[in-house]
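[1] Next comes the sequence, and after it the predicted model I'd like to discuss.
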Amino acid sequence: MPIQKMDHFTILTKDWRATAEFYEDLLGFKAGARPNFAFPGCWLHNDGKPILHVIERPEIPKETGLLDHMAFSASGLADYIGKLKARNLKYDLRRVPEGGYAAGVWQVFFLDPNGAKVELDFAPDEVAPAGA
């Protein structure tokens, strides 16, 4: 059940278009495919892979700031859910909506001891544990 790699960072902004333009101009990222989420934003790609997710919010939370979360690719969904439960850590298990990039990917969100949000991404064919 190893972490395979760093997947992406997600930042919050009051203007996702201006933020996208900044990263496209300065770092050469390209706006690319993104799931059909119910909130505004974009995914910026580098070398064909989405590495910076930009989410627009009317206000930036003072307690967490601009960095919304860090995401890692992982395997062993049921094992990780077991670890979180064993440590009495609250978590949110979701699936990426159908109809776009990463459709069906399992996402597990939880907080580290400092309040930083962590996301673990699992392949769509992984089986969620019963009751998760």
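    Cool, the structure landed.

[2] When you work out contacts or count neighbours from here on, use the C-alpha atoms and nothing else.
    Noted.

[3] now the strands for the protein?
    3-13, 30-32, 41-46, 49-56, 67-74, 92-95, 106-111, 117-122 (DSSP state E).

[4] relative orientation of the fourth one and strand 41-46 in degrees?
    Right, strand 49-56. With axes from the mean of the first three to the mean of the last three CA atoms, to 10 degrees as the criterion, the two stretches strand 49-56 and strand 41-46 enclose an angle of 150 degrees.

[5] what ranges of this structure fall below the confidence cut-off?
    Applying pLDDT under 70 to the chain flags the ranges 1, 100, 113-114, 132.

[6] thinking Met70 is in contact with Thr10, fair?
    Yes - with contacts counted by CA atoms under 8 Å, Met70 reaches Thr10, the gap being 6.5 Å.

[7] returning to that earlier point: just send the strands of the chain back as a markdown table, with mean neighbour count and distance to Lys83 too.
    A markdown table is the format used below for the strands of the chain (neighbours: other CA atoms under 10 Å; distance: least, CA to CA, whole Å):
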| stretch | mean neighbour count | distance to Lys83 |
| --- | --- | --- |
| strand 3-13 | 16 | 14 |
| strand 30-32 | 18 | 34 |
| strand 41-46 | 21 | 30 |
| strand 49-56 | 20 | 27 |
| strand 67-74 | 18 | 14 |
| strand 92-95 | 14 | 14 |
| strand 106-111 | 19 | 12 |
| strand 117-122 | 20 | 13 |
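
[8] show me what contacts Tyr3?
    Careful, residue 3 is Ile; it's not Tyr. In this structure, Ile3 makes contact with Phe72, Ser73, Ala74, Ser75, judged by CA atoms under 8 Å, 6 or more residues apart in numbering.

[9] For Ala116, see how far away it is.
    18 Å (CA to CA, to the nearest Å).

[10] repeat for Ala130
    27 Å.

[11] Same drill for the two, tell me which one is more crowded.
    Comparing Ala130 with Ala116 by other CA atoms under 10 Å, the one with more neighbours is Ala116, at 13 against 6.
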